[in-house]
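Engineer: The amino acid sequence is not available; the structure is as follows:
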Ligand code: IMP
Ligand code: MG
């Protein structure tokens with residue numbers, strides 16, 4: 001199906017599940033090389049990244065640990081810039097090689113918030129991976145080392161991303177139809 005209705009909005013298929021998996025496999029291959037002799041801590045940003053982290057791990061063959069951090073900044077289809085920590089990071093990242101996994105970087109506010117909070121704990125390194133990135137993110141100076149797809153400045157859902165909580169189960173990325 002290439003068009004779906006979620007609440008009051010219509011979305012159409014934009015990135016297929018196969019394309020997502022292929023891109024995640026490519027990124028995992030780079031991480032397998034970069035972290036071959038290390039034991040990184042993967043930090044998934046909830047809720048959006050749960051499927052990304054699961055599929056990324058499918059392709060990782062290094063020794064790694066996983067944990068999650070849950071924050072919220074979006075209301076409906078816009079970024080509020082006001083970050084709420086729903087639950088914070090339990091593990092210490094001091095001295096650790098951290099791989100932060102985001103679903104999408106829009107304004108970059110959430111990433112900046114998470115990045116500086118991690119930095120304060122003095123990790124050995126922070127590697128940022130995001131499945132998607134919108135152009136507005138360029139305003140913020142936080143490096144995203146691995147980006148799956150650069151997309152236009154439109155609202156998207158699916159594969160973990162939501163519109164008012166719905167659409168996370170869509171198998172692919174779907175874009176808002178105007
Ligand atoms: P930022 O702080 O503006 O960069 O927004 C980051 C967070 O807002 C992401 O981690 C997502 O959870 C959410 N978000 C941003 N853009 C979208 C979108 O197009 N669809 C769904 N969620 C989004
Ligand atoms: Mg998110």
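Structural biologist: All right, it came through fine. Quick caveat, the model's predicted, so the values are computed rather than measured. Ligands and ions are numbered 1, 2, ... in the order given.

Engineer: and residue 52, that one's in a helix?
Structural biologist: Yes. Per DSSP: H, G, I helix; E, B strand; the rest coil, residue 52 lies within a helix segment.

Engineer: That one contacts residue 100, correct?
Structural biologist: No. Look at residue 52 against residue 100 with Cβ atoms under 8 Å: they stay out of range, at 11.6 Å. Bear in mind the C-beta positions are built from the backbone N, C-alpha and C, glycine included.

Engineer: Can you give me the neighbour number for whatever residue of the chain ends up closest to ligand 2?
Structural biologist: Nearest residue of the chain to ligand 2 (Cβ to the ion) works out as residue 48 at 3.7 Å. Applying other Cβ atoms under 10 Å, we find 25 other residues in the vicinity of residue 48.

Engineer: Spatially nearest residue to it, not counting backbone neighbours?
Structural biologist: Nearest non-adjacent residue to residue 48, counting by Cβ to Cβ, 6 or more residues apart in numbering: residue 103, 3.2 Å away.

Engineer: just checking, that neighbour is part of a helix?
Structural biologist: No. With three-state DSSP as the criterion, residue 103 is strand rather than part of a helix.

Engineer: That one and residue 133 touch, don't they?
Structural biologist: No. Assessed by Cβ under 8 Å, residue 103 is found out of contact with residue 133, at 10.4 Å.

Engineer: if I've got this straight, the residue of the chain closest to ligand 2 is in a strand?
Structural biologist: No. Counting by three-state DSSP, residue 48 is located in no strand; its state is coil.

Engineer: How about residues contacting the longest helix along the chain?
Structural biologist: When the chain is parsed with DSSP state H, its longest helix is helix 17-34. Contact with helix 17-34 is made by 40, 52, 55-56, 58-62, 99, 127, 129, 131, 146, 148-149, 159, 171-173, as judged by Cβ atoms under 8 Å, 6 or more residues apart in numbering.
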